[in-house]
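Undergrad: quick one, what's the 3D model for this:
(2 chains)
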Amino acid sequence: MARTTKNQKAAFEPRLIQPTRASVKPRGGAVEIAGWGGYPVVRGVERRSENLAAITRDAVLTRGLGRAYGDASLPPAGDYAVAASPLADRLLGFDQARGVIRVEAGFPLMRLNRLSLPRGWFTPVTPGTHYVTVGGMVASDVHGKNHHVAGCFGEHVRSMKMRVADGAIIDCSDGQHELFRATLGGMGLTGHILEVEFQMERIPSPWIWEESERIDRFDQVLEKLEEAGREWPFTVCWSDFLVTGENAGRAILMKGRWAQPNEAPAGQPKWRSAPTLPFRFPNWALQTWMLRVGNFLNWSKHGPKARRGIAHPETFFYPLDVVREWNRVYGRRGFTQHQAILPAPHTHPRHERFLRLLHDNRAKVFLSVVKDCGDEGKGMLSFPKRGVSYALDIPVDHDTQRVVDRLNDFIVAEGGRIYLAKDAFTRPEHFRAMEPRLDAWNAVRRQWDPEGRLKSALSVRVLGDPS
Amino acid sequence: MNVAFLGASKGMGRALARRMAERGDRIFLLGRDSEDLRRSAADLANLGATGEVGVGHCDLMDRATFGPALRAARAALGDVDTVVVTAGEYRVQEDLERDADARDRLLILNLVNTIHFCEEARVLLLQRGGGSLCVFSSVAGDRGRKPVILYGASKAGLSYYLEGIDHKFHSQGLRVTTVKPGFVKTGMTAGLEPPPFAGEPEGVARDVLRAIDRGRPVVYTPGMWRWIMLVIRYLPRAVMRKIGF
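TA: Predicted structure coming up:
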């Protein structure tokens, strides 16, 4: 009888299948549901089953692991039913010669990675966490550190099986229905995604060769990012927007590529199971000064010299996943992320003005990620386009709405746009001004759902759906 | 292992079958919904199950299907050394008190027909000189309790049956493993509020496979439930009448 190896043991991760919930208090079947940011919280009925086709029949929306920060995965207020996909997680096909994979929508990215890395394949695009489902990756049309070369996840999707609003189950591929492109980045509002087939990327080894360097001045960040992008498939910057003065916006630039077999370690990467933050912190626990100190230590620890070497793929792609439920540090108030893109060309004054805007509005930006994006892709409502994306984590307080409004005024004026998967505060008039593509997308959506059966808390808030 | 598996497409069964597939066991799936079985078979084959993962029709409500299903598994695998049964039904006590048909169905599925199936499996395994029979019962069968009176009764009967055949046939090479899961977060328990020490299907799968490999007769999972049930079993009746557990 074969013995289980250590690696296989760790490949199973308990607690993976629980979508984020504010609390579980059944009352007439309705529970409180929240996204990753813990704000807002909505009451709704969450249906969970292996049979996703059955539970999507009368659901207004399907949600995956609930990693969208704001209200994208929440039903509108009013105890609506939402289908939860994580139990629908079967691997229906894996052609190891061609790298084509077909999965049920609830299949989690972490399992995909741990399955495919030892076999020489990797997801063509990964977001910054592996606690997402493939269905969610399509609905948000996620992007990653390689957006400047690989585009969004949707570029690599070959076909989908969907339950559309009238109840029919259809196969949907590019060129066949406009619905396909409307569903990439369509936030689950064009139909329930049941299955996804996509093309994986061939990798020379399961290890990453990483180089990182400090950038002392904000005005060099964009230049260095662009320069790095010409040679490296994976690039990203962690920037410090809490420091003021001439160091404002200083950053650590991370660059990576798949290691060649001759430079990679001999073995396979070990899969570690991450500890869970055991309780929710009180609201006051996380103070700005602590983040300042943390950022400073992180900055100092790196040292002025460039660092290079082999990195574990999970450490490289998912640095924040080392602690589960880290969102609890923000307490019950929750937090939001304002991720916006400032379109090319990269003129420094525009970015300097953005930085100044953050300071003038005393935005408590606890964590910020800067990434240059490539061209707009297939998705009719997908977030990225050529320009620089800023992802800013902000704890929710009485002032958050005002800060987001000011930032959005600026984004609209500069011709940028925001990422719905992170959003909880953007006003409909701002979103409309950012999205000239909205009418075309709406037309496809209405063609497939004339009665408006599919909706979410986000679509009611931002797109003006009736609740 | 060459496994005939009844109930691999959902919940704890799915997790256990995956664990077997990942280490390269050979698996044959039994169940009612052939399309669903084929999808699970593809899943297990893609995860590393050795050879083709076949499927055969077996309806726990129809005991005429049991013998042919197990023989189909033997024909496909060549030899069956392990039979796993995770199929069963859970209904809340209030539904069962109201509805005699639901009561009938639950008792037939969880007790009567599961025993019929195990009898067929026992005969099949003893013909080849023994093997493992792993059946999912429940901690609910350890003591009569208010929230799970009928479900618990069906599982208590099943546990006693499994204990009995272990006593009688152990010397002939039959290794019976009675699995007693506590509260586990699956589709079956979705909508119920998870108590402390609620388990995940993946953890159950790890515990159960280890128990099968070692021929352990009873496994509580998560392990904490062994101690919880020990206390519950010895609580005085006067206390059980008062508490809602």
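Undergrad: now the helices for chain A?
TA: Assigned by DSSP state H, the helices in chain A fall at A:6-11, A:52-55, A:109-116, A:134-139, A:147-150, A:178-183, A:218-231, A:288-302, A:313-317, A:348-360, A:400-414, A:428-434, A:438-448, A:457-462.
Undergrad: what's the most buried one of those?
TA: Mean neighbours per residue, mean count of other Cβ atoms under 10 Å in any protein chain shown, is largest over these for helix A:134-139, with a mean of 30. C-beta: built from backbone N, CA, C; applies to glycine.
Undergrad: if we can go back for a sec, so can I have CSV of the helices of chain A showing mean pLDDT and distance to chain B?
TA: Shown next, in CSV, are the helices of chain A (pLDDT from 0 to 100; distance: least, Cβ to the nearest Cβ, whole Å):
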stretch, mean pLDDT, distance to chain B
helix A:6-11, 40, 5
helix A:52-55, 95, 9
helix A:109-116, 96, 7
helix A:134-139, 98, 14
helix A:147-150, 96, 24
helix A:178-183, 97, 22
helix A:218-231, 92, 35
helix A:288-302, 84, 32
helix A:313-317, 96, 18
helix A:348-360, 87, 41
helix A:400-414, 95, 32
helix A:428-434, 97, 34
helix A:438-448, 97, 25
helix A:457-462, 97, 21
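Undergrad: show me what the spatially most central residue of chain B is bridged to.
TA: The centroid of chain B falls nearest to B:F136 when counting by Cα atoms, centre = their mean (2.3 Å). Beta-bridge partners for B:F136, by DSSP bridges, are B:V179.
Undergrad: that one and B:M12 touch, don't they?
TA: Yes - counting by Cβ atoms under 8 Å, B:F136 touches B:M12, with 6.8 Å between them.
Undergrad: determine the residues that are contacts of both of the two.
TA: Here B:F136 and B:M12 have B:86, B:181 as joint contacts, going by Cβ atoms under 8 Å, 6 or more residues apart in numbering or on different chains.
Undergrad: any weak-confidence spans in chain B?
TA: Within chain B, no stretch has pLDDT under 70.
Undergrad: tell me which parts of it are close to chain A?
TA: B:1, B:9-11, B:14-15, B:19, B:22-25, B:36, B:39-40, B:42-43, B:46-47, B:185-187, B:190-194, B:199-203, B:205-206, B:209, B:213 (Cβ under 8 Å from any Cβ of the partner chain).
Undergrad: looking at those residues, which are in strands?
TA: Among the residues of chain B next to chain A, none falls in strands (DSSP state E).
Undergrad: inside helices: which ones of these?
TA: Using DSSP H, the residues of chain B next to chain A in helices are B:11, B:14-15, B:19, B:22, B:36, B:39-40, B:42-43, B:46-47, B:201-203, B:205-206, B:209, B:213.
Undergrad: give me the buried subset of those residues.
TA: B:11, B:14-15, B:19, B:22, B:36, B:39-40, B:42-43, B:46-47, B:201-203, B:205-206, B:209 (16 or more other Cβ atoms under 10 Å in any protein chain shown).
Undergrad: if I pick the residue in the stretch 51-200 of chain A that chain B sits nearest to, what's in contact with it?
TA: Here the stretch 51-200 of chain A gets closest to chain B at one residue, A:R90, 3.9 Å apart by Cβ to the nearest Cβ. Contact partners of A:R90, counting by Cβ under 8 Å, 6+ apart, are A:103-104, A:107, B:39-40, B:42-43.
Undergrad: now do 10 Å
TA: A:50, A:102-104, A:106-107, A:195, B:9, B:14, B:18, B:36, B:39-44, B:46-47 (Cβ atoms under 10 Å, 6 or more residues apart in numbering or on different chains).
Undergrad: ok, A:R98 next?
TA: A:121, A:199-200, A:202.
Undergrad: so for B:R226, which of the helices of chain A sits nearest?
TA: helix A:6-11 (21.4 Å; Cβ to Cβ).
Undergrad: re the thing from before, mind pulling the model confidence for the residue of the stretch 51-200 of chain A closest to chain B?
TA: pLDDT recorded at A:R90 is 98.
Undergrad: for A:R63, same thing?
TA: On the pLDDT scale, A:R63 gets 97.
Undergrad: that one pairs with what?
TA: Going by DSSP bridges, A:R63 forms beta bridges with A:A84.
Undergrad: that one against A:A139, yeah?
TA: Yes - if you go by Cβ atoms under 10 Å, A:R63 and A:A139 touch, sitting 9.1 Å apart.
Undergrad: which residues are in contact with both of the two?
TA: Joint contacts of A:R63 and A:A139 (Cβ under 10 Å, 6+ apart) are A:72-73, A:133, A:188.
Undergrad: among those residues, which two are most distant?
TA: Greatest spatial distance in the shared contacts of A:R63 and A:A139: A:A72 and A:T133, 13.2 Å, computed using Cβ to Cβ.
Undergrad: quick one, which of those two is more surrounded?
TA: The neighbour comparison of A:A72 against A:T133 (other Cβ atoms under 10 Å in any protein chain shown) goes to A:T133, with 32 against 29.
Undergrad: now that one: how far from A:V196?
TA: Per Cβ to Cβ, to the nearest Å, A:T133 is found 9 Å from A:V196.
Undergrad: so what sits against both of the two?
TA: Common neighbours of A:T133 and A:V196 (Cβ under 10 Å, 6+ apart) are A:103-105, A:107.
Undergrad: who wins on neighbours among the residues you listed?
TA: A:A105 (29 neighbours).
Undergrad: how about the residues of the stretch 251-400 of chain A by chain B?
TA: Nowhere does the stretch 251-400 of chain A come near chain B, counting by Cβ under 10 Å from any Cβ of the partner chain.
Undergrad: check what pLDDT the residue of the stretch 251-400 of chain A at minimum distance from chain B gets.
TA: Proximity to chain B, evaluated over the stretch 251-400 of chain A using Cβ to the nearest Cβ, is greatest for A:S273 at 10.5 Å. A:S273 is assigned 85 on the pLDDT scale.
Undergrad: perfect, I'm done here.
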